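Peer 1: Mind folding the following:
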Amino acid sequence: MVEQGVNGKRAPKAQGLTLGRAARLYNACMHIFDLLAERRIVDAIGRGELDGLPGAGRPLPPDGEDPLVPAEIRMLNRVLKNAGWAPAQVGLRREIAALRGELAGMPEGARRVVLQRRLAERLLRLSEAGRA
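Peer 2: Alright, predicted model coming up:
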């Protein structure tokens with residue numbers, strides 16, 4: 001579409017920003033930031049600015065372990081995880097994922113309505129658990 005522009009000239013009409021276009025733009029910007037960050041790290045290594053930092057030469061902690069959490073708490077979390085215990089939110093998230101998967105290919109009908117209500121209830125419980 002074309003609309004009237006400055007001095008009577010025709011100018012292209014601005015297109016609305018769709019969700020898909022916004023997502024692509026966001027991803028492109030994040031890619032640029034990743035490249036800039038990587039370049040700055042390489043430059044700092046080249047200048048020797050990262051030499052002698054605490055922890056240099058030691059392995060990173062295993063995935064899923066936050067190095068800022070005290071060792072005693074990490075050990076407790078590991079014991080609970082190995083025992084099969086998980087917070088209620090984990091179970092709710094699993095149920096929500098399963099319900100969404102089941103609803104994805106389901107045609108309209110009474111069963112779908114029941115599952116949608118169950119999903120809404122689980123989402124509400126998860127939201128409330130996050131506020132506690």
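
Peer 1: and Arg122, how many neighbours?
Peer 2: 19 (other C-beta atoms under 10 Å). (C-beta placed from N, C-alpha, C; glycine too.)

Peer 1: Would you confirm that it contacts Ala98?
Peer 2: No. Counting by C-beta atoms under 8 Å, Arg122 stays clear of Ala98, with 9.7 Å between them.

Peer 1: Can you pull out the low-pLDDT segments for this structure?
Peer 2: Along the chain, the parts satisfying pLDDT under 70 run over 1-16, 61-65, 130-132.

Peer 1: so how far is Lys81 from Val90?
Peer 2: 10 Å (C-beta to C-beta, to the nearest Å).

Peer 1: so Glu128, which of the three states?
Peer 2: When classified by DSSP: H, G, I helix; E, B strand; the rest coil, Glu128 comes out as helix.

Peer 1: So what's the residue count around it?
Peer 2: With other C-beta under 10 Å as criterion, Glu128 counts 9.

Peer 1: Please apply the same query to Gly101.
Peer 2: Gly101: 10 neighbours (other C-beta under 10 Å).

Peer 1: repeat for Leu126
Peer 2: Leu126 has 16 nearby residues by other C-beta under 10 Å.

Peer 1: Past the longest helix anywhere in the chain, which element shows up next along the chain?
Peer 2: Counting residues, the longest helix found in the chain (DSSP state H) is helix 19-47. Sequence order places helix 71-82 as the next helix or strand after helix 19-47, per DSSP states H and E.

Peer 1: which of the residues in that next one are buried?
Peer 2: For helix 71-82, a neighbour-count test (16 or more other C-beta atoms under 10 Å) marks Arg74 as buried.
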